[in-house]
Structure formats: C-alpha cells, structure tokens
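Q: have a look at this fold, sequence not included:
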C-alpha cells in the first residue's frame, strides 16, 4: 500500500480554549511533541515509494512548533530532487506573523485558518485560555495581512454549535468577501445537544447559502456542497493517508475518525514513531480486512437508518469503509449530510443546473 498523504498531530498545546474543541479532553494526556527528525523519517519513508506526497500539520496549534518543526521540514523537502511535497498547515491564525507568512508565501505553503465568522459569531466559542476573551480581533488582522501580501487564503474552517448556527450564512458570506478559496463548516458534535429547533435553523441557513452558491458566479468553493451528492456515490477519498498522533502512534485513516469510532483502533493502528514506523504485519492485517484500495473512512454494516437516506455514498458502493456512517456519527452529522443532499437537489432544479 502506497501512502501519499500524512497528517502530523504535532502537539496538544494551544493558546485558545475553544468551547467546542474535540481536543479539550486530551490536552493534559500528552506532553509529548513530534520532532523534526520524526517528521523527516516519515516523509523519507513515504517518498521511497512515491514521488509526490502531501504533508499536513495540526494540533493543538501547530505554529507553536513553526521554527522547531514546520520551517526546517519545509526547507528539507525543498532540497529533495525529483520529489514534490505539498505542505499544509491547519491553524487558528494567531501566530501568522509577517515573517511566518512570508515564509509560507515563498515556499507555497497552504494555510487553512479557523474563522467561525463575524466577531459576534467567532467570539462566542473561540476564546483565549488566559483571560477568556474572544480571539476575533487578533485573527482578522492576520487574515488582512495575508490579503495585503497576496498570499492565497486556502480554506476557511468554521465550526458552529447551537449558540451560533443562526449565523452560518453570515459566516459563508464573510469567507466569500475575504476571498477564501474554500469554506468548510462543521457542527459541534461533542459539547452540545442538538434539538429539532436547531435543525430547523440549520435548514434555513443552508437554504440561504445554497441560493447564493448556485445562483451567483462561483468565486469560492464550499466543501460541504461540492462533496455531497444526491443518489450518486461519487464521494470517495482518493488519497491514502497516514495519521501520526502526538503520542507516536501511526494509523491509517481520516483525522479524528477514531474519536467517533474508537472500537476501530485495533484495525487502524499500524505503527509507532519509536519503532520501525510501519509494522508490516499490522499493515498486512489491515489490507486483508479492508483491501489494498480502501479509502480510509468508517467501517460498519448497513443500517436500517440508511435505507431511505438520500446521501447514497453513506450506504452504497463497493468500499466497506463507506458503509453505515449513521451508526457512529452523532445525529447532527447525519442530519447535515441528509439536509445538504436534499438542498443541492432542490436548488439545482430551481436554478436549472445539471449534474
């Protein structure tokens, strides 16, 4: 199996204390940090079998280790002849100082910035650890500097919960006005209880978003809409990804998947940074169970809940890892997928857009 993408969870530390953060319960579990040398070993291993790979950094806040890990690894990858390495950083944005931004521009590093939306939305949940104050003012300045430097704004990552779902359309419009290349919105699935009234608000918000998205010239992508289809199981992850966790474990799959499906850990973990990286016996066992071309998502059996679901890729296709996502995902995740599939169908029909 050839892996062409790797996600490094560099550390658990972060200067923010976002109320919906899925890492909150893990912050104190590991003081370990992934080093430059460990990242280099993984990259070298992957490049033995591939001429192109994608490297993504996350955390915690990965830019805390910019000088120690990200910068030297990016410089190292630039020296490799006949190899191409794309670097991506998922960041809360606060440490995007001028020097860091210039380095990212010079080395074509892509930045995904967490920005929930306007100040009255963003500051509800994204607050500083030290004083509990909102972080919007410190982030928007960095984003404006990126615009002034003509540095591409790759992805705007917005998270919403029951307290901010009513501002989702505003979040979309703000990302569009800032000229992000892509906007991705995800619901809080860990720290709040979604009720029917919240689902109704979400439906109204996405109705406005879809109206604008399908009726105006396309200047920004929306991952939630671009990767969702009605009765068309086309949504498959083409990359084979390694996740390197801060504790040293190496697993196959999608970031955060085992937070939702922890019982799958024994199948997905295939190595460790303190060992030979990839344990061939574990990898062989994974391939035997899921297949050489498995597209690392969730594994389960078909559910009666999926029988009438319009999002066909959740329960159809020949990939066992794509079956019965509903059994594991919280209701809001499932509802959003169903809602988007229905909205896409209706809006495309309304605006005369063919598949």
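A: Yes, it's here. Just so it is clear, the structure is predicted and the values come from calculations on it, not from any experiment.
Q: so what's residue 181 closest to, chain neighbours aside?
A: residue 154 (5.4 Å; CB to CB, 6 or more residues apart in numbering). Yep, even glycine has a C-beta here, placed from its N, CA and C like the rest.
Q: what's the local residue count around the one you found?
A: 17 (other CB atoms under 10 Å).
Q: quick one: contacts for it?
A: Neighbouring residues of residue 154 by CB atoms under 8 Å, 6 or more residues apart in numbering: 88, 110-112, 180-182.
Q: make TSV out of those and add neighbour count, pLDDT and secondary structure.
A: Shown next, in TSV, are these (neighbours: other CB atoms under 10 Å; pLDDT from 0 to 100; DSSP: H, G, I helix; E, B strand; the rest coil):
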residue	neighbour count	pLDDT	secondary structure
88	18	97	strand
110	18	96	strand
111	24	96	strand
112	20	95	strand
180	23	96	coil
181	14	96	coil
182	16	96	strand
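Q: of all pairs in those residues, which one is the farthest apart?
A: Farthest apart among those by CB to CB are 88 and 180. That separation is 14.3 Å.
Q: for the chain, give me the ranges with low pLDDT.
A: Within the chain, the stretches with pLDDT under 70 are 23-30, 227-239, 254-265, 290, 293-331, 355.
Q: can you give me the strands in the stretch 101-250 of the chain?
A: Taking DSSP state E, counting those that start in this stretch as the test, the strands found in the stretch 101-250 of the chain are 110-114, 155-160, 182-187, 221-222, 241-244, 249-252.
Q: nearest to residue 342, of those strands?
A: Closest approach to residue 342 among these is made by strand 221-222 (15.7 Å; CB to CB).
Q: quick check: buried residues in stretch 90-102?
A: If you call a residue buried by 16 or more other CB atoms under 10 Å, then stretch 90-102 has these buried ones: 90-94, 96, 100-101.
Q: off-centre distance for that stretch?
A: 18 Å (CA atoms, centre = their mean, to the nearest Å).
Q: for residue 213, see how far away residue 10 is.
A: 34 Å (CB to CB, to the nearest Å).
Q: neighbour count: the two, which is higher?
A: A direct count of neighbours by other CB under 10 Å for residue 10 and residue 213 places residue 10 higher, at 28 against 23.
Q: hang on, the more buried one packs against residue 65?
A: Yes. Between residue 10 and residue 65 there is a contact under CB atoms under 8 Å: 5.1 Å.
Q: shared neighbours of those two, which are they?
A: Residues touching both residue 10 and residue 65 by CB under 8 Å, 6+ apart: 33-34.
Q: name the nearest residue to residue 203, ignoring sequence neighbours.
A: residue 339 (5.8 Å).
Q: is the one you found in contact with residue 207, as I believe?
A: No. With contact defined as CB under 8 Å, residue 339 does not reach residue 207; the gap is 9.3 Å.
Q: which one's more surrounded, those two?
A: More neighbours surround residue 339 than the other of residue 339 and residue 207, with 22 against 14 (other CB under 10 Å).
Q: so how far is residue 350 from that one?
A: From residue 339 to residue 350 the distance is 16 Å (CB to CB).
Q: again, but for residue 7
A: From residue 7 to residue 350 the distance is 38 Å (CB to CB).
Q: coming back round to it: need the contacts of residue 154 in a markdown table with distance to residue 244, can you?
A: Formatted as a markdown table, the contacts of residue 154 follow (distance: CB to CB, whole Å):
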| residue | distance to residue 244 |
| --- | --- |
| 88 | 14 |
| 110 | 19 |
| 111 | 20 |
| 112 | 18 |
| 180 | 27 |
| 181 | 26 |
| 182 | 24 |
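Q: closest one of the residues you listed to residue 346?
A: Nearest to residue 346 out of the contacts of residue 154 is residue 182 (CB to CB; 22.9 Å).
Q: residue contacts, the closest residue to the closest one other than its chain neighbours?
A: Leaving out its chain neighbours, the residue that sits closest to residue 182 by CB to CB, 6+ apart is residue 221, at 4.2 Å. The contact partners of residue 221, by CB under 8 Å, 6+ apart, come to 181-183.
Q: pipe those residues into JSON lines and attach distance to residue 267 per row.
A: Output for the contacts of residue 221, formatted as JSON lines (distance: CB to CB, whole Å):
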{"residue": "181", "distance to residue 267": "35"}
{"residue": "182", "distance to residue 267": "31"}
{"residue": "183", "distance to residue 267": "33"}
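Q: closest to residue 76 out of the residues you listed?
A: Nearest to residue 76 among the contacts of residue 221, with distances taken as CB to CB, is residue 181, at 26.6 Å.
Q: that'll do, ta.
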